[in-house]
Each structure stands twice: as C-alpha cells, then as structure tokens.
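1. Fold the following, please.
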Amino acid sequence: MKKIIHGRIALNADTLKRLRKKKGLSQDKLADECADRHLQVSVASIKRAEAGKNVLYRIVLNLADFFDIAVTTLIEGVPITPWSDGFGLNDSDGYCIGRGWELQQLQLLYSNVSHRKKGVTAYVSGMAGLGKTHMMESFLAQLQTVGVTQVTVNANRRVSAQGLSPLSYLCRQLLGLPVDMDDRVGRQKAAVLCKTPDAFIRLMDWLGVELLPGEQNLLVTLKQTRNQQALMHATEALLRQLNQNTIWVLFIDDLHLADEDFVELIDALHRQIQTKPLLLLLCATNVGCFSHIPPWLDDAYCITLGALNGDDAKILAHSVANQPDSCQSSKQRAVERASGHPGLLTQLLQIERPCSTVPSPWVVMVMIQLKKLSGAELIGLQIAAVFGFYFTTEQVHLVLAYVTESAVYCRLPLLVYAGLIKHAGCEYCFQHPLIREVVINQLCGDLRRRISRVRVK
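-> Residues are numbered from 1 along each chain as shown. Here you go, the predicted model:
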C-alpha cells in the first residue's frame, strides 16, 4: 500500500484556492481544520499545492475528504506526469507507450477506493486495437504487488472445461466458490445470503445452478416484468461477503460483447458498490450499444483512449521495429499511415510494404463489419469514402439517390453503431483513414466513376 499512497501529483491550484476562499479559510486555518478532522494536511503541503508543485497522493485524498468532493475535481485540467515512487509502469512494453495520463487516472481511482473504502467505477473505451486490454492488464499486474484481490472476466469468453458463462464465473469468484462447484453448494450459499425467494432464484441463475421447473417459471416471470427489486436484492447478496478491509478490483473486458443478463448485473453492481471497497473497471470497444457511453454509465469515471501523439508513435515504432537507417523512411511512412493507432502501427511495421499495403488483419476486421451492412448502408459508406475522410449526411443522400435511382435512405447512425464512422461536429468522419482506404479498395470501377461524377456536379 505504501507505494500507492506515496506517489506525487500536482493539483489544480486555482480550484484549491477557490474552495479554500469559499470557506473563508487562510492556508494556516485550512491546515488546522484538517488536523481537527484527523486529516494529515500541513501548511507546507497547502502552499506547495497552491504553487502548482507536486504533493503526495494522500494530501489530494485528504483535501478531497475535507471539501467533500471527488478527487478528480482537484486535478481536473492538470497535465499528469508518469507514475513515480516505485509504482511506475515500464512504458516501453508495447501499447502502454503514451498512456501515462490514463494509467495515472486509474492509479488515483484505486488510491481513492483504498483510502475511502468506497466503490468507484471506471469505464475505459475506444476503437479496437488502441491497447485498452493491454493497458488494463499492465495496471492490474502492478496492483498484484500490493496484495489486492483481483477478479478478471472477459464478457465474451466461457471459462473452464464445463463452459461456465462469464456471468456465473464472476458470481462464483465474488462469493469465493470453486469454478467447478456442485449445484448443491450453490443452492446452500444462495439460501444463506438471500432474504427473499425472488433474490434466491436470481442469484442461483447467476451462479449457473440448474433450476427446478417451478423455479424456472418464476425466473421467466422476473425477467419479463424486469423486477428491479429482485435484481437489487440479489446484487446485495452477491456483495454482502466482500470484506470491508480488503480492496477488490474487478476487471470486465469486452463489455460490448456481453449478453443482456451480464450487462444487467454489471449495471446493478455499478449502482451498489458505493459502500464497498471495490474498484470496478469496465472495458469496451466503441461499437453497438457502446458506440456512445451508455446512459447507465453517465456517472462512472470515463476514460476514452485516443490516438498516440506523434512523438509517442515514433517511440512505439522504434520499439517494435528496430530497422536499419535505410528503412527509416518506411518506418516514418508507417507512423503517418497509422495516425496514432498503436495496433495498426505494429501491423504496418510487420509487413513488407508498409507505405502502400493495408495489413491483412486490419482488412479482415473492416470487412467483417462491412458484410453486416445492408445494401443502402454499404453504398452510403462507399459514397462517403469517395467524398473524403469527412462528409455530411446531405452529401451521402444526394449521391445515393442518383446512384440507386430510387428514394433509398442510408442510416448513418448504423455505421456509427458498427464502429466504422463517428460524429465530427456537424459532420461525420471515418474512425480511421485506413478504414476509408479499405472501403475505397472494395469499390468497383463503374460505381466509383458514377459516384465521382455526381460529386463533381
């Protein structure tokens, strides 16, 4: 724990001064009142913080306690330096290059949970291949050194030889039950923890216990009526055994691939962990229902992974492909074409012609999404690709009507849903330039010429 609490970070000096003056306190008086509440904040620390200098994490946590605000309020808008004091990650291990700010946020959230013993949810999102999973696994690996209880679940992957669902695996882990437990054990555990028959049925279903015919009928009724009380009671039972003196970190990966029951449980956990020492880490790719932040995660701490900046991309390129000087131009071109996407940059550096070829894994990823589109959406996307990286709804529909010679409508939100495009102010744009390149390459010559003619007109 010492490594966690004794890192250093700068506060937003203006925010701290405004909060202090709002209470009518001098720096000395603030230190005195913190001491009265058994919060260790010295006058020297306050002066350092208001001068924009780094202070200990525990100072940030104690000041947040004093003012009764979130830690993030005190550090909002402050450039964050890489981790220090023995808790830093090796930033040369692939996708973690350029993720110092994001890792620092996770570190602060963990410190907040360990200090306050109150649960926090962090939602990490971004397009596929940006290194979300790798970053989270690196963070969790560092937490192992301080004895944190961790549970990692991939929402799309069954566990064990029995093919246990991610939902059942998660629940058994939280209750300390073996993965291959007997149904009798699950029934006994649920009976002890649950106070109502509805919650008992819900928890047994989550645990993967085979239900009796009457119980199955009751479960169907509960799901059809969306009985929130049974859901909440079952979630309370699931969390009841968490030791208040042990910090839990629960990592759910690929949440965008989870089934409805699993998402429903995660939603319930998110709403009920405030009194538990649990850091709930959720990871999702920006597709489907997660193409935007789901409403039920509006109050979570959201971290959106973006592209690497130019310097970080060059560092990653150097670590992935230590090429001779004669190949430096190819490496630079790969950096440019990747546009800050670490996974794509790695793929480009592993092919023979990174200057002109699109890597096969990237092509396959895009083609899988294209094959899911209806005819109107596919033609609309191809029209957009001819217009350029940026395009408008009006441009797409004007050309679409001419090309198809009918009143066909392209639903651009479905292309956002598929993770191929995104909003860009009043316009749309492709998620990545090489998605557009793949779409362009799939265009037959005749259709491309027809689209181009209308575009020129």
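
2. Wait, a helix at Cys302?
-> No: in this structure, Cys302 is strand, not part of a helix, as judged by DSSP: H, G, I helix; E, B strand; the rest coil.

3. That one pairs with what?
-> Going by DSSP bridges, Cys302 is paired in beta bridges with Tyr123.

4. Looking at it now. What's its pLDDT?
-> pLDDT for Cys302: 91.

5. same thing with Ala122?
-> The confidence metric pLDDT takes the value 95 at Ala122.

6. what does Lys17 give?
-> 92.

7. Please list the residues outside the helix or strand hosting Ile46 that contact it.
-> Per DSSP states H and E: Ile46 is located in helix 43-50. Under the contact criterion CB atoms under 8 Å, 6 or more residues apart in numbering, helix 43-50 has outside partners 10-11, 13, 16-17, 20, 27-28, 30-31, 54-56, 59, 63. C-beta: built from backbone N, CA, C; applies to glycine.

8. Can you check these and name whichever has the most neighbours?
-> When neighbours are taken as other CB atoms under 10 Å, the top entry among the contacts of helix 43-50 is Leu11 (27 neighbours).

9. Which SSE is immediately downstream of the helix holding Ile46?
-> strand 54-56.

10. Are there helices or strands packed against that following strand, and which ones?
-> Using 3 or more CB pairs under 8 Å, 6 or more residues apart in numbering; DSSP states H and E as the contact definition, the elements that strand 54-56 packs against are strand 8-10, helix 43-50.

11. can I get the ones you listed in TSV with mean pLDDT?
-> Shown next, in TSV, are those (pLDDT from 0 to 100):
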stretch	mean pLDDT
strand 8-10	71
helix 43-50	91
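
12. who wins for proximity to Gln107 among those?
-> Gln107 lies closest to strand 8-10 among the helices and strands packed on strand 54-56, at 8.9 Å (CB to CB).

13. related to what we said a few turns ago, looking at the helices and strands packed on strand 54-56, spot the one closest to Pro413.
-> Nearest of the helices and strands packed on strand 54-56 (CB to CB): strand 8-10, 39.4 Å.

14. Just give me how far the helix or strand following that closest one sits from the chain centre.
-> Next along the chain after strand 8-10, taking DSSP H and E as the criterion, comes helix 13-22. Distance of helix 13-22 from its chain centroid, counting by CA atoms, centre = their mean, to the nearest Å, is 31 Å.

15. Likewise for stretch 393-404?
-> Worked out by CA atoms, centre = their mean, stretch 393-404 lies 35 Å from the chain centre.

16. repeat for stretch 205-217
-> That offset, for stretch 205-217, works out to 32 Å (CA atoms, centre = their mean).

17. Skip the chain neighbours and tell me the closest residue to Gln40.
-> Take Gln40 and drop its neighbours on the chain: the residue closest to it by CB to CB, 6 or more residues apart in numbering is Asn62, 6.0 Å away.

18. whoops, I mixed them up, Thr15
-> Sequence neighbours aside, Leu74 is the residue nearest to Thr15 in space, at 6.0 Å (criterion: CB to CB, 6+ apart).

19. Low-confidence ranges, the stretch 201-350 of the chain, go.
-> For the stretch 201-350 of the chain, the stretches flagged by pLDDT under 70 are 226, 244, 321-326.

20. Tell me where it has helices.
-> Shown for the stretch 201-350 of the chain, the helices assigned by DSSP state H, counting those that start in this stretch span residues 213-224, 228-239, 260-272, 310-320, 328-338, 342-348.

21. And these: which comes nearest Asn156?
-> helix 260-272 (9.3 Å).

22. Gly119 contacts Thr275, doesn't it?
-> Yes: Gly119 is in contact with Thr275 according to CB atoms under 8 Å; the separation is 7.1 Å.

23. Looking only at neighbour counts, state which of the two leads.
-> Shown here are Gly119 and Thr275; by other CB under 10 Å, Gly119 has more neighbours (23 against 12).

24. Contacts only, for the more buried one.
-> Counted by CB under 8 Å, 6+ apart, Gly119 has contacts Val113, Ile273, Gln274, Thr275, Lys276, Pro277, Leu278, Leu279, Leu280.

25. go on, Arg240?
-> Leu193.

26. Then the one 5 residues further on?
-> Listed by CB under 8 Å, 6+ apart, the contact set of Asn245 reads Pro277.

27. and the one helix or strand the residue nearest to Thr15 maps to, what other elements does it pack with?
-> Element membership of Leu74, judged by DSSP H and E, is helix 71-75. Applying 3+ CB pairs under 8 Å, 6+ apart, one finds that helix 71-75 contacts helix 13-22, helix 57-67, helix 100-116.
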